[in-house]
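Student: give me a 3D structure for the following:
(one chain, ligands or ions: 2)
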Amino acid sequence: MIRKILKWTGITLLTVILVLVLLVAVRQNLTFEAPYPNIKASTDSAVIARGKEIAFGPAHCADCHYNGNADSVFKLGQEPALSGGFVFALPLGNFYTRNLTSDKTTGIGRYTDGEIARTLRYGVRPNGTAALDFMPFHNMTDEDLTAVISFLRSTKPVHNEVPEHTVTMLGRVINAFLIKPVGPSEEVPKKVKRDTTASYGKYIACSVANCVGCHTNRDMMTGAAIGEPFAGGLKFEEPGIPVLTSPNINPNTPGSRMYGWSEQDFIKRIRMGKLISYSHMPWNSFKRMSDNDLKAVYNFLKTLPPSKTSSSSK
Ligand code: HEC
Ligand code: HEC
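Tutor: Ligands and ions are numbered 1, 2, ... in the order given. Now for the predicted structure:
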């Protein structure tokens, strides 16, 4: 009797495992639908300049899409090529940033404006698969997206065939069932006024520079926010370098890193650039941000209610 039960449990288990393995296998290249934003790259030099300002400044594309230390290239007064190949080695696999130069065979020269825009806004790659949510630009305005894509089109082509991602078994299971494209959280405006208001500052801090992404504690497995926005507490752990925790940057919270900072103090600190050599913050990209953008970010942070958790201030 017991043997019979064991036998049938065994067979049922085996069947379940087999079905799962098959499902995981067939669900590796799931494709998704999303609209192509109505974005057209421009060759107007002012638009290209604006795109470059965003890409090499608040949006810090070079920090991920340059295969080296973008921070030190900027420090030398040079501009890194966005030719990709930088690898994020994660428990789910090795993920390589892509070649964003205008190259026609290995870069964005292969894609239409709509395909690039859809990747950034809706998280659906040109081939229809979901992009891992590394980039926070889902709510970027049509105007800024147009500027960024116009700038990418203007870059010198660099032929660099970036390897495909290699995904671990755990990554394959997660990919099969959990990875979905992430899109905008609200209706995306066509353009925003570049003034120093808190509302523009919020746009920069949340939809372009991703201050919120690093300065909010998150579940490392799912990436979901588990802490109060801007209260810090996210641990950056990387083999070979000391662990860093993002500080609380809510200026209204006693004990937080920015408590008591004036607008001047804040701008001065950003302009100083990187002080901790192994910091993950893209300091030298942010250093290039305009006074206007920095004032707006400061004014936005000043509108935050004091955080209840000030323990993550270190
Ligand atoms: C925090 C790191 C990070 C930043 C910052 C970043 N990217 Fe990416 N980007 C990635 C990663 C990782 C991928 C690969 C995602 C995937 O394949 O799932 C990627 C993929 C892309 C793709 C898809 C290309 C393809 O061939 O599939 C485009 C387009 C892109 N990035 C543009 C940009 C632009 C433009 C910026 C700046 C405005 C930017 N990225 C900033 C990490 C980043
Ligand atoms: C990729 C992750 C990341 C992003 C994006 C990021 N930060 Fe940070 N930030 C960190 C980490 C890690 C530290 C702690 C190490 C350090 O001080 O460099 C830090 C430190 C700081 C500090 C304290 C500096 C000091 O010397 O005490 C301030 C202020 C700050 N960030 C503001 C911002 C603002 C404003 C933005 C958006 C414009 C931003 N950060 C975006 C990761 C990030």
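Student: quick check: residues of the protein near ligand 2?
Tutor: 205, 209-211, 213-215, 236, 244, 246-247, 249, 257-258, 269, 275-276, 279-281, 286, 297 (CB under 6 Å from any ligand atom). Placement of C-beta: from N, CA and C, glycine included.
Student: taking these one by one, which sit in helices?
Tutor: Using DSSP state H, 211, 213-214, 269, 286, 297 are the members of the residues of the chain next to ligand 2 that sit in helices.
Student: ChimeraX command for the buried members of the residues you listed?
Tutor: In ChimeraX syntax, the buried subset of these is picked out as below (16 or more other CB atoms under 10 Å):
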select :211,213,214,286,297
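Student: can you list the ones in helices among the residues of the chain next to ligand 2 in JSON lines and add pLDDT and distance to ligand 1?
Tutor: JSON lines is the format used below for these (pLDDT from 0 to 100; distance: CB to the nearest ligand atom, whole Å):
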{"residue": "211", "pLDDT": "98", "distance to ligand 1": "12"}
{"residue": "213", "pLDDT": "95", "distance to ligand 1": "8"}
{"residue": "214", "pLDDT": "96", "distance to ligand 1": "9"}
{"residue": "269", "pLDDT": "98", "distance to ligand 1": "21"}
{"residue": "286", "pLDDT": "96", "distance to ligand 1": "12"}
{"residue": "297", "pLDDT": "98", "distance to ligand 1": "17"}
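Student: you'd agree residue 93 is up against residue 163?
Tutor: No. The pair residue 93 / residue 163 is not scored as a contact, 11.5 Å apart, by CB atoms under 8 Å.
Student: contacts only, for the residue positioned nearest the centre of the chain.
Tutor: Computing the C-alpha centroid of the chain and ranking residues by CA atoms, centre = their mean puts residue 135 first, at 2.5 Å. Applying CB atoms under 8 Å, 6 or more residues apart in numbering, we find residue 135 in contact with residue 120.
Student: same thing but 10 Å
Tutor: By CB atoms under 10 Å, 6 or more residues apart in numbering, the contact set of residue 135 is 59, 61, 64-65, 97, 119-120, 123, 182, 210, 213.
Student: before we move on, what about residue 297?
Tutor: With contacts defined as CB under 10 Å, 6+ apart, residue 297 is in contact with 58, 196, 198, 200-205, 208-209, 211, 249, 263, 266-267, 270, 286, 289.
Student: give me the nearest residue to it, chain neighbours excluded.
Tutor: residue 201 (4.6 Å; CB to CB, 6 or more residues apart in numbering).
Student: which SS class is the one you found?
Tutor: The three-state assignment at residue 201 reads helix, by DSSP: H, G, I helix; E, B strand; the rest coil.
Student: you'd agree residue 260 is up against residue 254?
Tutor: Yes. The criterion here is CB atoms under 10 Å, and residue 260 meets it with residue 254 at 8.8 Å.
Student: buried subset of the residues of the chain next to ligand 2?
Tutor: Among the residues of the chain next to ligand 2, those scoring as buried are 205, 209-211, 213-215, 244, 246-247, 249, 257-258, 281, 286, 297 (criterion: 16+ other CB under 10 Å).
Student: for those, which one is nearest residue 175?
Tutor: residue 213 (21.4 Å; CB to CB).
Student: tell me the contacts of the closest one?
Tutor: Residue 213 makes contacts with 133-136, 205-206, 223, 225, 229, 234, 246, as judged by CB under 10 Å, 6+ apart.
Student: could you tell me which of those are located in helices?
Tutor: Among the contacts of residue 213, the subset assigned to helices under DSSP H is empty.
Student: lowest-confidence entry in those?
Tutor: Note: of those, the lowest pLDDT belongs to residue 223, at 78.
Student: grab the nearest non-local neighbour of that one.
Tutor: Of all residues beyond its chain neighbours, the one nearest residue 223 is residue 133 (6.4 Å), with distances taken as CB to CB, 6+ apart.
Student: surely that neighbour meets residue 210?
Tutor: No. Counting by CB under 10 Å, residue 133 does not reach residue 210; the two are 11.1 Å apart.
Student: list the contacts for residue 131?
Tutor: With contact set as CB under 10 Å, 6+ apart, residue 131 has these partners: 32, 98, 118-120, 122-125, 179, 181-182.
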